[in-house]
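A.B. asks: I would like the atomic coordinates for the input below:
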Amino acid sequence: MEDKRFTSVDFVNMERRFRAHFFNSLSGFKSVNLCGTEDKKGKSNLAILNSVFHLGSNPPLMGMIMRPATVPRHTLSNIIEQDHYTFNHINKEIIHEAHQTSAKYTRTQDEFEMVGLTPYYSDNLRAPYVLESKVKIGLKFRERVNIASNHTILIVGEVVEVILPSGAVGLDGFVDLQEAGTLTGSGLDAYLETKKVARLSYARPYEEIKEIEAFMSMMKE
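C.D. replies: Below you'll find the model as predicted:
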């Protein structure tokens with residue numbers, strides 16, 4: 001297959017939707033999450049996100065990028081109001097419902113009701129989880145960073161609760177998302193199942209890389 005080269009001149013001349021699909025898929029596979037929030041009046045909101053990422057383990061921080069607040073952003077305003085929000089991994093049983101949350105519902109409409117998903121509340125959080133999600137993450141709002149280059153917004157949250165299948169957590173703490181049925185995303189509208197190729201040992205100079213499961217197995221023997 002021949003390579004095709006694109007340059008800045010091509011980027012400028014791309015049709016708007018073509019450019020959006022091109023650059024949203026270019027960075028690689030991404031996490032896809034449903035973000036659950038609630039306003040002060042108890043009205044819940046649910047939005048699909050493909051920009052959630054790990055920021056640190058101690059304290060446990062996660063970030064997400066939100067589009068510019070040039071129009072009402074219900075998820076953003078709820079997070080600022082209530083301090084709490086949830087990330088909920090998407091599995092193949094709920095992809096249609098999850099994708100439907102990207103529709104432009106009004107402030108008075110509850111996405112849980114509109115798409116047919118079930119809110120689930122923990123005693124530790126003022127925000128709803130998605131009951132049908134197998135990996136649920138509760139967060140407390142810590143920081144908002146306005147990005148000058150394109151006016152997007154970085155939201156930083158601290159993980160305060162995690163709910164997931166016990167069989168998905170390894171003895172070394174590794175969360176096996178394949179075991180949990182978590183899907184990944186590509187671009188704006190593609191959802192994919194994953195297949196683990198390998199886990200590799202910590203890299204050190206002059207030491208051979210080993211596959212972790214085989215190495216742990218030898219240690220047990």
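A.B. asks: tell me what Gly185 is bridged to.
C.D. replies: Beta-bridge pairing for Gly185 (DSSP bridges): Lys30, Tyr191.
A.B. asks: run the chain-centre distance for the longest helix along the chain.
C.D. replies: Counting residues, the longest helix in the chain under DSSP state H turns out to be helix 16-26. Mean-position distance between helix 16-26 and its chain equals 19 Å (CA atoms, centre = their mean, to the nearest Å).
A.B. asks: and the strands in the chain?
C.D. replies: Using DSSP state E, the strands found in the chain span residues 30-31, 33-38, 44-49, 52-57, 60-66, 84-89, 119-120, 129-130, 136-146, 153-163, 184-186, 190-192.
A.B. asks: counting by contacts, list what the third one packs against.
C.D. replies: Using 3 or more CB pairs under 8 Å, 6 or more residues apart in numbering; DSSP states H and E as the contact definition, the elements that strand 44-49 packs against are strand 33-38, helix 74-82, helix 111-115. (Each C-beta comes from the backbone N, C-alpha and C, glycine too.)
A.B. asks: ok, Thr75 touching Ala47?
C.D. replies: Yes - between Thr75 and Ala47 a contact is recorded at 4.7 Å, counting by CB atoms under 8 Å.
A.B. asks: quickly list what's touching both of these two.
C.D. replies: Contact criterion CB atoms under 8 Å, 6 or more residues apart in numbering; residues shared by Thr75 and Ala47: 35, 37.
A.B. asks: give me the mean pLDDT for stretch 136-151.
C.D. replies: Averaged over stretch 136-151, pLDDT sits at 96.
A.B. asks: what residues of stretch 83-94 count as buried?
C.D. replies: Within stretch 83-94, the residues that count as buried by 16 or more other CB atoms under 10 Å are 84-91, 94.
A.B. asks: no no, stretch 115-127
C.D. replies: For stretch 115-127, by 16+ other CB under 10 Å, it's 115, 117, 119-120, 122, 125-127.
A.B. asks: where's Leu46 relative to Lys134, distance?
C.D. replies: Distance of Leu46 to Lys134, given as CB to CB, to the nearest Å: 16 Å.
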